[in-house]
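Chemist: got a predicted model here, sequence first, then my questions.
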Amino acid sequence: MAENPRIQRIFGALESAGYPVRFQRSLLPDWVTPDVLEDEAVSTEVAAILAKRLNLRTSGLFSQNPSVESLHHFDTKYKRSVSAKSKDLTAATSIAVSVAEMVSFACRIAHTEFPASAAELRADIMKQHPGKYLGLRNLLMATWSRGVPVVFLSELGPDIAKMDGMVVHTDARPVILLSKKSSYWAWQLFILAHEVAHCALGHVAPDEILIDEELGAASYALTDADADEQAADHFALELLNGRPDAEYTLGNQTVNPAELTDVAYKTGLQTQVDPGHIILNLANKSGDWGLGMAALKRFENGRPPAPDVINEAMWMNLDVDRLPGESVEYLERVTGSKFVTS
């Protein structure tokens with residue numbers, strides 16, 4: 001038998017609004033099987049589940065002709081998106097908002113503002129969360145310590161476009177969401193630093209979303225015409241390097257990946273700068289991304305994937321008891337991670 005016509009109308013209304021049907025199905029609990037979807041009696045519950053998980057007003061989906069309306073309106077700022085290439089981020093943004101509000105509610109730590117000075121923030125991080133250099137782990141700890149959650153969104157399905165990074169400012173606090181498909185710590189480190197910069201510089205206010213659609217090589221080149229993006233890049237570079245115009249070169253030297261890894265590591269220890277960041281910065285300056293990625297792979301060999309590190313920190317800093325079981329299951333699904341009780 002086919003799905004019940006009322007359920008088909010719900011799926012159809014959401015698909016027309018930018019939520020592919022295959023994506024909608026992936027959000028439903030395991031008990032919602034094809035047989036269950038044949039029954040009109042479950043249509044109300046299916047609508048309620050989808051509305052909650054997509055941050056939509058439930059009543060619109062209950063009507064004979066279902067409509068889609070956001071539950072909480074956020075003003076959205078799109079950054080680093082070229083109109084000709086711009087992706088439909090409707091579904092990913094809805095997921096990000098629902099996750100942001102969930103983790104904001106469950107965050108154990110009161111929110112305090114970042115200093116507006118990158119130098120001051122760097123000094124504070126190295127004092128409060130010391131290490132050989134300012135890297136992904138101590139930046140994560142510093143961000144969470146100010147009550148600003150950081151979440152990595154995993155693949156949401158083949159039909160869903162994602163952004164590299166974004167900030168959702170809920171009523172209580174900003175929440176940073178990363179979703180660039182990269183296991184490298186250095187890539188996620190720079191994107192996190194860039195999003196922290198947006199928060200510190202006041203680029204996103206309560207009830208606003210700031211989306212960085214693509215943070216690729218241009219992140220290091222400082223060529224973006226948008227004033228906020230230039231300011232965030234300078235802040236991020238100063239935060240990670242101790243100077244806002246940091247660029248690394250090899251001069252006239254020719255090196256192989258092993259040699260580049262070695263020199264980046266030694267330089268990083270001397271300057272308290274993440275060697276992986278030095279490698280990416282140098283690759284951008286030289287344009288030799290083949291060499292850079294080969295060196296980065298050598299440097300990060302043996303490390304767990306960066307998304308796992310980000311979401312491990314998330315689970316450690318959430319009061320999971322504040323969330324209903326179905327919300328925890330949903331958070332596990334969209335982050336591709338598991339909450340493990342101690």
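Modeler: Thanks, I have it.
Chemist: can we go C-alpha only for contacts and neighbour counts from here?
Modeler: Will do.
Chemist: of all residues in this protein, which one is nearest the centre?
Modeler: residue 178 (1.3 Å; C-alpha atoms, centre = their mean).
Chemist: for it, name its beta-bridge partners.
Modeler: residue 152, residue 165 (DSSP bridges).
Chemist: next, the contact list for it, please.
Modeler: 150-153, 163-166, 188, 191-192 (C-alpha atoms under 8 Å, 6 or more residues apart in numbering).
Chemist: of the residues you listed, which pair is most distant in space?
Modeler: Using C-alpha to C-alpha, those span at most 14.8 Å, a distance reached by 150 and 163.
Chemist: settle it for me: which of those two has more neighbours?
Modeler: Between residue 150 and residue 163, counting by other C-alpha atoms under 10 Å, residue 150 is the more crowded of the two (27 against 22).
Chemist: my read: that one touches residue 174, true?
Modeler: No - Residue 150 is beyond contact range of residue 174, at 9.4 Å (criterion: C-alpha atoms under 8 Å).
Chemist: returning to what we had before: name the member of the contacts of residue 178 with the most neighbours.
Modeler: residue 153 leads the contacts of residue 178 on contacts (other C-alpha under 10 Å) with 29 neighbours.
Chemist: give me the phi and psi angles of residue 176.
Modeler: Note on residue 176: backbone dihedrals following degrees, to the nearest 10 are phi -100, psi 130.
Chemist: report the contact partners of it.
Modeler: So residue 176 contacts 100, 148-151, 165-168, 192, 195-196 (C-alpha under 8 Å, 6+ apart).
Chemist: ok, residue 43 to residue 66 distance?
Modeler: 12 Å (C-alpha to C-alpha, to the nearest Å).
Chemist: now swap in residue 95 and tell me
Modeler: In terms of C-alpha to C-alpha, residue 95 sits 20 Å off from residue 66.
Chemist: same deal with residue 58?
Modeler: Taking C-alpha to C-alpha, one finds residue 58 at 10 Å from residue 66.
Chemist: that older thread, in strands, which of the contacts of residue 176 appear?
Modeler: Judged by DSSP state E, the subset of these located in strands is 150-151, 165-168.
Chemist: can I get those residues in CSV including pLDDT?
Modeler: Formatted as CSV, those follow (pLDDT from 0 to 100):
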residue, pLDDT
150, 98
151, 97
165, 91
166, 92
167, 95
168, 94
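Chemist: of those, just say which sits nearest to residue 276.
Modeler: residue 165 (19.1 Å).
Chemist: just name the shakiest helix or strand of the protein by mean pLDDT.
Modeler: helix 218-221 (a mean of 47; mean pLDDT, DSSP states H and E).
Chemist: helix or strand right after it?
Modeler: Downstream of helix 218-221, the next assigned helix or strand under DSSP states H and E is helix 227-241.
Chemist: what residues sit buried inside that following helix?
Modeler: Buried positions in helix 227-241, judged by neighbour count with 16 or more other C-alpha atoms under 10 Å: 228-241.
Chemist: pick out whichever of residue 58 and residue 66 has more residues nearby.
Modeler: residue 58 (23 against 20).
Chemist: contacting residues for the more buried one?
Modeler: Contacts of residue 58 by C-alpha under 8 Å, 6+ apart are 47-48, 51-52.
Chemist: buried among the residues you listed? Make that a PyMOL selection.
Modeler: To isolate the buried members of these in PyMOL, using 16+ other C-alpha under 10 Å:
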select buried, resi 47+48+51+52
